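K.L.:
From the sequence below, what's the structure:
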Amino acid sequence: MAREVKLPQLGQTMEEGTVVNCLIKVGSEVKKGDVIFEIETDKATLEMESPADGFVKHILVETGQTLPVGVVMMILGDKDEEVPQGFTDSPKAASVAAVSPAVATTGAEPAKPAAQPMGTAARTIASPRAKKLAEELGVNLAIVAGTGPAGKITEEDVKRAHSTSSGQAASTKAATPAAAAAAEVKLGGAIPLTKKQRLTAERMVESKRGIPCFYLTIKADVTDLVELRTKLNTSSLQAGQAKISYNDFIIRAVAIGLQKFPIMTGQLVSDTIKLADTINIGLAVSTPNGLVVPVVKDAHKMDLKQIVTAVKVLVEKAQNEKLLLTDLEGACITVSNLGAFGIESFIPVVIPGQCSILGIGRITDTSIPKKGDRKLMSMTLSVDHKVANGDYAAQFLDLVRKLLEDASTFV
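P.N.:
This is a model prediction of the structure:
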């Protein structure tokens, strides 16, 4: 029996998604749980699984389309079932056509139109997104070969034409975020934003406009912590366990600090400050496709070993683009560590929906009178002044410092 497959809500805050890859074709058989599309949201690129077994009868979306949650993306049916045209013309399926024209809906896989010059007015048709991108990249639509339905020019066609004119390899894969990041960037060129980059930019502007911040900087003497980490990692290596990073210690200290100063988890809602139900801490992670912030859930309930395991899993999922939206939601504070790049200190931007973000700099060697050679680490806390005042936030940051300076905190 024919069944509509809709774009699911892959996370609590997801309202729309962009199709970055279609992994099935008309006529192919899929099993429940098979990955059928890759969907990019504002937070990550996620895998969409088939909700049922069946054979692909119609694919109603194209790569590059941005669709609202609930839109019909494809039709599944039995092997020899013929799905009538009227089925795909239903109001639900028609919502896809409102976003952009659907692909051919025949029982067999449609042949892709041969590339044809767009020299005539009859052939110069393009989707709104393709037109906008062409304008941004300076691509002449009159010479772009359209591969969409009826020769329509898609975003991918524009990207391909731009890549070809720039001497880059023209392929569908080259239009993906990973390939775009690896592509050579030249002065004077133009780099189209991915959905994630665009929405990240919007959220950062929202942060600067709507979150009045103040900033606190402090240095922690982490000499004993460095020694403890070396000792623990030596024993962990011998036991075949995960290596401990400085971020693991910092997350543990921040979790304890937030328990003592819970207002730092809050958000201003009307005339009240709504505190978080649990302590979830985001960790900024760099990936080939940009920055993501997976979240360590219930960090206050974890000891150091549990945090190490949780962070390791999240980082691996981030690097392999396997994060779920649930892995990216619910943080009340974020830790961003740029010490590995030699940065001594920086002022991070608070993520909307959170009260603060802690920026960590590299550990530097210094000599202190009566103490000798020591190792210092700079920490800068950006705080939403609507939620917390300077005195309260300073006490929180000072406690985090003391916890990091006392190695017994983690033993």
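K.L.:
Buried residues of stretch 200-214, list them for me.
P.N.:
Thr200, Ser207, Ile211, Cys213 (16 or more other CB atoms under 10 Å). Where you see a C-beta, it was placed from the backbone N, CA and C, and this is true even at glycine.
K.L.:
Which ones among the residues you listed map onto strands?
P.N.:
Cys213 (DSSP state E).
K.L.:
what's the closest of the buried residues of stretch 200-214 to Ala145?
P.N.:
Thr200 (32.2 Å; CB to CB).
K.L.:
Please name the nearest non-neighbouring residue to that closest one.
P.N.:
Asp42 (7.2 Å; CB to CB, 6 or more residues apart in numbering).
K.L.:
Model confidence score at the closest residue to Asn140 other than its chain neighbours, please.
P.N.:
Excluding its sequence neighbours, the residue lying closest to Asn140 (CB to CB, 6+ apart) is Ala134, at 7.6 Å. Looking at Ala134, its pLDDT is 74.
K.L.:
I'd say Ala134 and Leu141 touch.
P.N.:
Yes - using CB atoms under 8 Å, Ala134 is in contact with Leu141, at 5.3 Å.
K.L.:
and for these two, which residues touch both?
P.N.:
Applying CB atoms under 8 Å, 6 or more residues apart in numbering, one finds that Ala134 and Leu141 are jointly contacted by Ala126, Ile153, Val158.
K.L.:
where does the stretch 1-150 of the chain have low pLDDT?
P.N.:
Residue ranges of the stretch 1-150 of the chain with pLDDT under 70: 11-13, 84-125, 128, 142-143, 148-150.
K.L.:
make it 80
P.N.:
Filtered on pLDDT under 80, the stretch 1-150 of the chain yields the residue ranges 1, 10-14, 42-45, 83-150.
K.L.:
those helices in the stretch 101-250 of the chain, which residues are they?
P.N.:
128-137, 155-165, 177-182, 195-210, 223-239, 246-260 (DSSP state H, counting those that start in this stretch).
K.L.:
that older thread, now do the residue nearest to Asn140 against Met379, distance only.
P.N.:
46 Å (CB to CB, to the nearest Å).
K.L.:
Find the nearest non-adjacent residue to Ala394, please.
P.N.:
Using CB to CB, 6+ apart, the closest residue to Ala394 is Leu216 (5.8 Å).
K.L.:
Can you report how many residues lie near the one you found?
P.N.:
Other residues lying near Leu216 total 17 when counted by other CB atoms under 10 Å.
K.L.:
pretty sure it contacts Leu381?
P.N.:
Yes - at 4.6 Å, Leu216 and Leu381 qualify as touching, with contact defined as CB under 8 Å.
K.L.:
Now the common contact residues for the two.
P.N.:
In contact with both Leu216 and Leu381: Ala393, Leu397, using CB under 8 Å, 6+ apart.
K.L.:
who does the helix or strand hosting His58 pair up with?
P.N.:
Using DSSP states H and E, the element containing His58 is strand 54-59. Its sheet considered, strand 54-59 pairs with strand 29-30 (antiparallel), strand 72-77 (antiparallel) by DSSP bridges.
K.L.:
re earlier: in ChimeraX, how would I select the buried members of the shared contacts of Ala134 and Leu141?
P.N.:
The following ChimeraX line selects those of the shared contacts of Ala134 and Leu141 that are buried, judged by 16+ other CB under 10 Å:
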select :126,153,158
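K.L.:
Adding distance to Ser356, write the shared contacts of Ala134 and Leu141 out as JSON lines.
P.N.:
Shown next, in JSON lines, are the shared contacts of Ala134 and Leu141 (distance: CB to CB, whole Å):
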{"residue": "Ala126", "distance to Ser356": "45"}
{"residue": "Ile153", "distance to Ser356": "46"}
{"residue": "Val158", "distance to Ser356": "41"}
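K.L.:
Closest to Gly54 out of the shared contacts of Ala134 and Leu141?
P.N.:
Closest to Gly54, out of all of these and judged by CB to CB, is Ile153, at 32.0 Å.
K.L.:
Could you pull up the mean pLDDT of stretch 199-210?
P.N.:
Mean predicted confidence for stretch 199-210 is 88.
K.L.:
now swap in stretch 398-408 and tell me
P.N.:
For stretch 398-408, the per-residue pLDDT averages 96.
K.L.:
and that stretch, which residues are buried?
P.N.:
So, applying 16+ other CB under 10 Å, buried residues of stretch 398-408: Leu399, Val400, Arg401, Leu403, Leu404, Glu405, Ala407.
K.L.:
in which helix or strand would I find the third one?
P.N.:
Under the criterion DSSP H and E, the helix or strand holding Arg401 is helix 390-405.
K.L.:
angle of that helix against helix 246-260?
P.N.:
130 degrees (axes from the mean of the first three to the mean of the last three CA atoms, to 10 degrees).
K.L.:
helices or strands up against helix 390-405?
P.N.:
strand 213-221, helix 223-239, helix 246-260, strand 372-384 (3 or more CB pairs under 8 Å, 6 or more residues apart in numbering; DSSP states H and E).
K.L.:
distance of the residue nearest to Asn140 from Ser127?
P.N.:
In terms of CB to CB, Ala134 sits 10 Å off from Ser127.
K.L.:
Give the residues shared as contacts by the two.
P.N.:
Residues within reach of Ala134 and of Ser127 at once, by CB under 8 Å, 6+ apart, are Ile153.
K.L.:
Leu225: how many residues sit nearby?
P.N.:
Leu225: 24 neighbours (other CB under 10 Å).
K.L.:
Now for it: which residues touch it?
P.N.:
Leu225 touches Tyr246, Phe249, Leu404, Glu405, Ala407, Phe410, counting by CB under 8 Å, 6+ apart.
K.L.:
related to what we said a few turns ago, helix/strand/coil for the residue nearest to Thr200?
P.N.:
Following DSSP: H, G, I helix; E, B strand; the rest coil, the label given to Asp42 is coil.
K.L.:
Verify the contact between Ile360 and Thr334 for me.
P.N.:
No - with contact defined as CB under 8 Å, Ile360 does not count as touching Thr334 (10.9 Å).
K.L.:
ok so, going back, tell me the angle the helix holding Arg401 makes with strand 372-384.
P.N.:
140 degrees.
K.L.:
ok, and what's touching helix 390-405?
P.N.:
With contacts defined as CB under 8 Å, 6+ apart, helix 390-405 is touched by 214, 216, 218-222, 224-225, 249-250, 252-254, 256-258, 260-261, 263-264, 356, 358, 377, 379, 381, 383, 388, 409.
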